[in-house]
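1. Sharing a sequence plus its predicted fold:
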Amino acid sequence: MPTDSAEAADRLSQRRVRVLQAVMILFAVQAGRPQVDMPQRTVEFVGHFAWLALALVLFLILRTGGFWLRDPALRALANDEVTRANRADAMEWGFTAAIITAIIGCVVASLTAMPSVFAFKLVILIGLFVATFRFIKLERAALA
């Protein structure tokens, strides 16, 4: 029976990598048409808040490992020490990328009229994209 749990946790880990890849691509594509002004119409608000909700979900998956509705024992097996170390490393890379993006954005905003919504979305996009990409790369290496 323990091998069945370990195999199920391994399958969940592989699925997490595939899902994160798809979500990361969707997240980046949605930010492909940056909105420079605050939303005015209802559809713009919906798109804006949907992107922010996706950013929050992506962040929570990276922060907690996901699988919130799964059996706690299986979730613990899928979030082993290697995965936790990979998530920590990925979050460190994402934080570094976000800070560098914020510093560059601050310089650009000092010289131009960069809207704050655009700057915040850029920091979120770059930080989460780098963290997710790093986590996927490390998990693939660990699962191979």
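-> Arrived safely, thanks for sending.
2. Show me which positions of the lengthiest helix in the chain end up buried.
-> Counting residues, the longest helix found in the chain (DSSP state H) is helix 81-111. For helix 81-111, the neighbour count (16 or more other C-beta atoms under 10 Å) marks 83, 86-87, 90-91, 93-94, 97-98, 101-102, 105 as buried. No exception for glycine: its C-beta is placed from N, CA and C like everyone else's.
3. from what I can see residue 17 touches residue 139, true?
-> Yes: using C-beta atoms under 8 Å, residue 17 makes contact with residue 139 at a distance of 5.0 Å.
4. quick one: least confident helix or strand in this structure?
-> In the chain, no helix or strand scores lower on mean pLDDT, DSSP states H and E than helix 72-78, which sits at a mean of 83.
5. in that one, what counts as buried?
-> Neighbour-count burial for helix 72-78 [16+ other C-beta under 10 Å]: 75, 77-78.
6. ok, back up a step: of residue 17 and residue 139, which one has the most company?
-> Neighbour totals were compared for residue 17 and residue 139, and residue 139 leads with 20 against 16 (other C-beta atoms under 10 Å).
7. Residue 22 versus that one, what's the distance?
-> According to C-beta to C-beta, to the nearest Å, residue 139 and residue 22 sit 14 Å apart.
8. Provide a list of residue ranges in the protein with pLDDT below threshold.
-> Along the chain, the model assigns pLDDT under 70 to residues 1-3, 34-38.
9. For it, just list every one of the strands.
-> Counting by DSSP state E, the chain has no strands at all.
10. Can you list the residue ranges for helices in the chain?
-> Going by DSSP H, the chain shows helices at 2-30, 42-64, 72-78, 81-111, 116-143.
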